[in-house]
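> the following block contains a protein sequence and its predicted model.
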Amino acid sequence: MTTILFAGSDIRVAPELPDASWDAGRRGRYLLRPDVGRPLSVDPDVWPRPEHAGGALGPPLPWISVGEVRRRWMASNLGSEGGWVAIVLGVVAVDTKALERLATTRGVDTALETSPTWRFLGYDVADDGNISGLSNCGFNDGEMDRLRAAWALRVNDHGLIAELSDATLFGSLTDERVPEHAPFEVYGIWLAP
């Protein structure tokens, strides 16, 4: 019984824009596929908001719709016509225990209803502070070689995991690999044009 719950909406820099902060060193340490153009993530340190968006929006919350996030962004007088996109985040609950934990600890309790106009980007794995275990918890050299061999083909052109079953497995692996941030959750990310 896997359910995807609405975890919130956010504004991020348009994925097609270059990001100079992802140099070769950072890519080598954090990405399973260093050839990804701009890594996308629930983690704003990986996929940032446009400049000044933080104060205008606050963190993604499960009771604020994508329409409201857009409205707040545009009303902040910082919302320009281009260079940004709206995204929708869904957190995966694999069983009733996970459903209860998400509802009581984070207020996430509504099933995500996707729109046919949204484009699915992939799955990320992140802790409850939205630190990505996929692209923001560094890998040591021995780990990186082993994990790239096993996981690079499961990562899409956005730096996200393409299949839910793979993302769930990577979440468990990351719980063991980075216990100080566990538990990690699986998040789906949709682009909401």
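Looks like it came in fine.

> which of the helices and strands in the protein ranks last by mean pLDDT?
Least confident helix or strand, the chain: helix 53-57 with a mean of 63, by mean pLDDT, DSSP states H and E.

> can you name the element that comes right after it?
Where DSSP states H and E defines the elements, the next helix or strand beyond helix 53-57 is helix 66-75.

> from the chain's centre, how far out does that next one sit?
On the basis of Cα atoms, centre = their mean, to the nearest Å, helix 66-75 sits 19 Å off its chain's mean C-alpha point.

> now that helix: average pLDDT?
For helix 66-75, mean pLDDT is 87.

> the helix or strand following it - what's its average pLDDT?
Later in the chain than helix 66-75, the nearest helix or strand by DSSP H and E is strand 84-93. The average pLDDT within strand 84-93 is 96.

> roughly how far apart are the spatially most central residue of the chain and Ala149?
By Cα atoms, centre = their mean, the chain has its centre lying nearest to Val42, at 2.3 Å. Using Cβ to Cβ, to the nearest Å, Val42 is found at 25 Å from Ala149. Where C-beta positions appear, they are placed from N, C-alpha and C, glycine not excepted.

> again with Val66
Distance from Val66 to Ala149, by Cβ to Cβ: 37 Å.

> neighbour count: these two, which is higher?
Remark: of Val66 and Ala149, Val66 carries more neighbours, 20 against 10, as counted by other Cβ atoms under 10 Å.

> the more buried one: what's its closest spatial neighbour, skipping adjacent residues?
Counting by Cβ to Cβ, 6 or more residues apart in numbering, Val66 lies nearest to Ser9, which is 4.0 Å off, once chain neighbours are set aside.

> on the three-state scheme, the one you found is what?
strand (DSSP: H, G, I helix; E, B strand; the rest coil).

> can you count the residues close to it?
For Ser9, the neighbour count with other Cβ under 10 Å is 23.

> for it, give me its contacts.
Taking Cβ atoms under 8 Å, 6 or more residues apart in numbering as the contact definition, Ser9 lies against Pro60, Ile64, Ser65, Val66, Glu68, Val69, Ala86, Ile87, Val88, Leu89, Ala192.

> hmm, who's touching stretch 102-114?
The contact list for stretch 102-114 (Cβ under 8 Å, 6+ apart) reads 3-7, 61-63, 88, 90-91, 93, 99, 120, 128, 185, 188, 190.

> PyMOL command to pick out the buried ones of the residues you listed?
The PyMOL command for the buried members of these (criterion: 16 or more other Cβ atoms under 10 Å) is given here:
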select buried, resi 3+4+5+6+7+61+62+88+90+91+93+99+185+188+190
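
> separation between Val72 and Pro48?
If you look again at residue 72, you'll see it is Arg, not Val. 17 Å.
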